[in-house]
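In: The following comprises the amino acid sequence and a computationally predicted model.
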Amino acid sequence: MRRLGSLLIALLVPLLAGPGLASSPDPLANWAVIVVAGDDHAAHTDDLTETFDNARRDVAKALVGKGFSPENIQQYSVRPERYPDTAPAKADFEIIADGLRSLTRQAPGGCLIYFTSHGAPEGVVVDEYLISPRSLRGLVDRTCGTKPTVVVMSACFSGVFVPALKGDNRLILTAARRDRSSFGCSESDKYPFFDTCMLKVLPGAGGFLDLGPALRICVAEREREEEASPPSMPQTWVGKGFALAEPPFDSASLGRRP
């Protein structure tokens, strides 16, 4: 009789839970995502460029294609009024912090943070201000905490963020070594080289751990083609906990690893 009762409970619980509590078919649909275009000027000039906003828009779109939920993705731009089709918020660090805090409450599964902008040895540009590695570390600690977290920094000297952001639950991808520039930020470039490569390798990636090696190869090939030197040397850092529990991309992507 006791065994029969246990069986009935096991059968009834999923029915009583209702569709709202069913597990998502896409493991990343419950992640909070921000994609930030931190500048609107070309490298070494005062000319305006769409380079970073192009990357912002298309990286966000590509992430939806990998199983992230559009409702849990917020984009940011220096000139948000120019892009009503994607409705970015203003690229201001306090606004970004508030937005990520809100997103992590509604989507507690994990965090993906993506910046594309100019950079310096002191940090990344966000609307003419430099956001330091220490400031970004504070934001990630407060909002993402111990959740699985991916931070992508597409900027010159972005390797400077690796030591500050390291954590057992984190994967960090940067466009350059801490003492190197990255390339592709002129007014004539559609995307920075690193973002071009992200858009190229992301569709075929089965999981986050595929990205680092593929990005390094892609960026190096592009730099050789363009005779860009010295090489930017994109960086990857993977926490042990993240590597052990890496969530896969959507089911359509599974099994694509060589």
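Out: Happy to help now that I have it. Note that the coordinates shown come from a computational prediction; the quantities given were computed from them, not determined experimentally.

In: Let me see the ranges of the helices in the stretch 51-200 of the chain.
Out: For the stretch 51-200 of the chain, the helices defined by DSSP state H, counting those that start in this stretch cover 51-65, 93-106, 133-143, 161-165, 193-201.

In: quick one, which of those is packed in tightest?
Out: Of all those, helix 193-201 carries the top mean neighbour count, a mean of 23, counting by mean count of other Cβ atoms under 10 Å. C-beta coordinates here come from the backbone N, C-alpha and C atoms, glycine included.

In: pLDDT score for the residue nearest the centre of the chain?
Out: The residue lying closest to the centre of the chain (Cα atoms, centre = their mean) is residue 114, at 3.5 Å. With respect to pLDDT, residue 114 has a value of 98.

In: Same question for residue 186.
Out: You'll see residue 186 listed with a pLDDT of 84.

In: Output the below-cut-off pLDDT ranges for the stretch 151-258 of the chain.
Out: By pLDDT under 70, the low-scoring segments of the stretch 151-258 of the chain are 250-258.

In: Would you reformat the helices of the stretch 51-200 of the chain as JSON lines and include distance to residue 212?
Out: Shown next, in JSON lines, are those (distance: least, Cβ to Cβ, whole Å):
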{"stretch": "helix 51-65", "distance to residue 212": "16"}
{"stretch": "helix 93-106", "distance to residue 212": "23"}
{"stretch": "helix 133-143", "distance to residue 212": "19"}
{"stretch": "helix 161-165", "distance to residue 212": "12"}
{"stretch": "helix 193-201", "distance to residue 212": "10"}
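
In: show me what contacts residue 214?
Out: The contact partners of residue 214, taken as Cβ atoms under 8 Å, 6 or more residues apart in numbering, are 197, 201, 205.

In: hmm, 7 Å instead?
Out: For residue 214, the contacting residues are 201, 205, by Cβ atoms under 7 Å, 6 or more residues apart in numbering.

In: what about the strands in the chain?
Out: Secondary structure of the chain by DSSP state E: the strands cover 31-37, 73-77, 89-90, 110-116, 119-120, 123-126, 129-131, 149-154, 170-174, 235-238.

In: contacting residues for residue 150?
Out: Contacts for residue 150 were tallied using Cβ under 7 Å, 6+ apart; they are 112, 171, 208.

In: Reformat these as TSV; add neighbour count and distance to residue 124.
Out: TSV is the format used below for the contacts of residue 150 (neighbours: other Cβ atoms under 10 Å; distance: Cβ to Cβ, whole Å):
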residue	neighbour count	distance to residue 124
112	22	16
171	24	18
208	23	21
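
In: of these, closest to residue 140?
Out: Nearest to residue 140 among the contacts of residue 150: residue 112, at 11.1 Å, using Cβ to Cβ.

In: Bridged to the closest one, which residues?
Out: Per DSSP bridges, residues listed as beta-bridge partners of residue 112: residue 33, residue 150.

In: correct me, but it touches residue 28?
Out: No. Using Cβ atoms under 7 Å, residue 112 is not in contact with residue 28, being 8.0 Å away.
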